[in-house]
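below is the sequence, then the predicted model.
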Amino acid sequence: MNSLHKPPHKNKELVLFVKWLEFLKWLLPALEKFPKKSRFTITSRIENLALDIVELLVTAKYQREKRHLLKQIDLCLEKMRILLRISHDMKLISTKSYNFSAKSINEAGMMLGGWLKQQKDNG
């Protein structure tokens, strides 16, 4: 089966996973630049959520019933969005970094929404 005949949702899953890994390559070093006093509070929460998302994406890829996992990912994205907003408000990250993170999380959310819709349409 060549790549032109693969089911489209498989490609969406892969694109979301790859995009999230690219975001992590930016996020994890950015979190290391937070002041030490924040590293064991807000930074560790953001880091754990970001890594939870990777694990949930992998799990969802291999599970037959995905909706519950995809909704968990959506909740993690929302929590990250809020924690990054707080980080920006506390001047722990620049406006440029905040805008980049917000854009990345929004893109992931839109891709996730498409995956959720596909699950609803198939179920």
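Yes, it's here. Residues are numbered from 1 along each chain as shown.

which intervals of this protein have sub-threshold pLDDT?
Applying pLDDT under 70 to the chain flags the ranges 1-13, 122-123.

helices along the chain, start to end?
8-32, 36-39, 42-62, 67-89, 95-122 (DSSP state H).

with mean neighbour count as added columns, please give these in JSON lines.
Where C-beta positions appear, they are placed from N, C-alpha and C, glycine not excepted. As requested, those are arranged in JSON lines below (neighbours: other Cβ atoms under 10 Å):
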{"stretch": "helix 8-32", "mean neighbour count": "15"}
{"stretch": "helix 36-39", "mean neighbour count": "12"}
{"stretch": "helix 42-62", "mean neighbour count": "17"}
{"stretch": "helix 67-89", "mean neighbour count": "17"}
{"stretch": "helix 95-122", "mean neighbour count": "15"}
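
would you mind measuring from Ile73 to Gln118?
Look at Ile73 and Gln118: by Cβ to Cβ, to the nearest Å, they are 14 Å apart.

check Lys25 too.
27 Å.

next one: Ser101
In terms of Cβ to Cβ, Ser101 sits 26 Å off from Gln118.

for Glu22, same thing?
22 Å.

same question, Phe17
In terms of Cβ to Cβ, Phe17 sits 15 Å off from Gln118.

can you check Phe23 too?
Applying Cβ to Cβ to Phe23 and Gln118 gives a distance of 22 Å.

next one: Ile53
18 Å.

nearest residue to Leu116 other than its sequence neighbours?
Spatial nearest neighbour of Leu116, chain neighbours left out: Leu70 (5.0 Å); criterion: Cβ to Cβ, 6 or more residues apart in numbering.
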